[in-house]
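Q: just a sequence and a predicted model for now, questions to come.
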Amino acid sequence: MTVSVFIDGAAGTTGLEIRERLAGRGDVALVTIDEVRRRDHAARAEALNDADVVILCLPDDAAREAVAMIANDRTRVIDASTAHRVAPDWTYGLAELEPDQADRIASARLVANPGCYPTGFLALVRPLVRAGLLAADAPLSVNATSGYSGGGKAMIAEFEGGEAATAFRPYALALAHKHVGEMTRHAGLTVAPIFQPAVARTYRGMVVQVPLHLSQLARSFTLNDLSEVLAAAYDGERVVRFAHEAATVVKIEDDAGTDRMTLRVVGNQASGQALLIATLDNLGKGAAGAAVQNLNIMAGFDPVAGLTL
Ligand SMILES: NC(=O)C1=CN([C@@H]2O[C@H](COP(=O)(O)OP(=O)(O)OC[C@H]3O[C@@H](n4cnc5c(N)ncnc54)[C@H](OP(=O)(O)O)[C@@H]3O)[C@@H](O)[C@H]2O)C=CC1
Ligand SMILES: CC(=O)N[C@@H](CCC(=O)OP(=O)(O)O)C(=O)O
């Protein structure tokens, strides 16, 4: 079986990464439009309605507009933008989020690809909320660092053109980043986490950290309990893996250039402090890798076809 796929925004950072992952696959036929017509309404409308699956790699407003341009109920959509991640009629495209999430994605017409930061946060926190280690109203915080490709073409130009005179830049200091609602909703929390992102002078890669006092847990759980719950949640998964080996450092480069995500529980049982850490690539499992994984699941292909793990 061959599935026809149109990438709207194919010349952008995420779009190009998806094209690379789909190149040379015999089970995917790319629907393309001439690069000079990539913003042409009529050309896009035709491609959006021709393809079996469209992958939107656009800013939020353009993604909403693209969905409105689909005039049939056959074309399936994977939206990489933030536009539909908490929309009730969309399926959240983090296949490992719930035991039946991949099945839901398989039968969905509209799939919202997760944000890069929420991917790390949710993979760490959702199993702990589901298993009752963390109460829904636990007041969490999350610190995270992304490579500068996370800001798309504009941020790449800023860092590579010399304008961003920094090696490390915390941002979203008003604590109202657009990913907070997505994190809260899909973790099953009732209290929004304090989310404090930063961008580093490296092209790609991401570290997401959730510090926890063990006294914050619903009862007297240990570091080992946290590890056991996370290890069990991802047992048998190929893209998300729990690292059992002890670590004293992690690097933003650890999973950069791949589509996998690694989860860790570290800390100090004696002082009652834990740190949950996810490493991933903002453009891999954080964007293009997840989009291709969702496409594979929707089309009934091997979920990891075309991915680098
Ligand atoms: N970069 C990342 O790590 C991640 C990105 N995302 C999301 O993916 C989406 C794409 O981001 P990213 O690839 O980084 O962004 P880029 O800025 O690199 O690319 C955006 C693309 O959208 C195209 N575009 C913009 N407006 C329109 C329009 N009105 N009509 C048609 N095409 C348009 C641009 O065209 P042109 O080439 O002409 O400029 C460009 O090719 C965003 O919603 C982003 O939030 C999600 C997770 C991670
Ligand atoms: C470094 C950087 O600027 N990153 C982007 C997030 C990239 C991403 O995940 O895009 P979505 O918003 O579509 O999820 C930001 O914080 O806005």
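A: Right, received. Where do you want to start? Numbering: from 1, shown residues only. Ligands and ions are numbered 1, 2, ... in the order given.
Q: quick one: name the residues of the protein near ligand 2.
A: Listed as neighbours of ligand 2 in the chain under the rule CB under 6 Å from any ligand atom: Ser81, Thr82, Gly115, Cys116, Tyr117, Ser146, Gly150, Gly151, Met155, Lys178, Pro197, Val199. No exception for glycine: its C-beta is placed from N, CA and C like everyone else's.
Q: strands of the stretch 151-300 of the chain, residue ranges please.
A: Under the criterion DSSP state E, counting those that start in this stretch, the stretch 151-300 of the chain carries strands at the ranges 168-170, 194-200, 206-213, 240-242, 261-268, 273-280.
Q: what residues does the third one touch?
A: Yep, that's strand 206-213 we're talking about. 116-117, 120-121, 124-125, 140-147, 150, 193, 226, 250-252, 254, 267, 272-282, 286 (CB atoms under 8 Å, 6 or more residues apart in numbering).
Q: could you list the buried residues of it?
A: Within strand 206-213, the residues that count as buried by 16 or more other CB atoms under 10 Å are Met206, Val207, Val208, Gln209, Val210, Leu212.
Q: so is it next to ligand 1?
A: No. Using CB under 6 Å from any ligand atom, strand 206-213 stays clear of ligand 1, with a minimum separation of 8.4 Å.
Q: in its sheet, what does that strand sit against?
A: strand 141-147 (antiparallel), strand 273-280 (antiparallel) (DSSP bridges).
Q: just the buried ones from the contacts of strand 206-213, in PyMOL syntax?
A: Selecting only the buried entries of those in PyMOL, with 16+ other CB under 10 Å as the criterion:
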select buried, resi 116+117+120+121+124+125+140+142+143+144+145+146+147+150+193+226+250+252+254+267+272+274+275+276+277+278+279+280+281+282+286
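Q: and the strands of the stretch 151-300 of the chain as JSON lines, adding mean pLDDT?
A: Listed next are the strands of the stretch 151-300 of the chain as JSON lines, based on pLDDT from 0 to 100:
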{"stretch": "strand 168-170", "mean pLDDT": "98"}
{"stretch": "strand 194-200", "mean pLDDT": "98"}
{"stretch": "strand 206-213", "mean pLDDT": "98"}
{"stretch": "strand 240-242", "mean pLDDT": "98"}
{"stretch": "strand 261-268", "mean pLDDT": "97"}
{"stretch": "strand 273-280", "mean pLDDT": "98"}
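Q: for these, give me CSV that also has distance to Leu16.
A: As requested, the strands of the stretch 151-300 of the chain are exported to CSV (distance: least, CB to CB, whole Å):
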stretch, distance to Leu16
strand 168-170, 24
strand 194-200, 20
strand 206-213, 18
strand 240-242, 24
strand 261-268, 21
strand 273-280, 19
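Q: now do the same for Gly26: helix, strand or coil?
A: coil (DSSP: H, G, I helix; E, B strand; the rest coil).
Q: just use 764 as the starting number from now, easier for me
A: OK, 764 is where the count begins now, so the last one is Gly789.
Q: and for it, nearest residue in space, chain neighbours not counted?
A: Counting by CB to CB, 6 or more residues apart in numbering, Thr765 is the residue found nearest to Gly789 once chain neighbours are left out, at 7.4 Å.
Q: what number of residues lie near that neighbour?
A: Each residue near Thr765 was counted by other CB atoms under 10 Å, and the total is 11.
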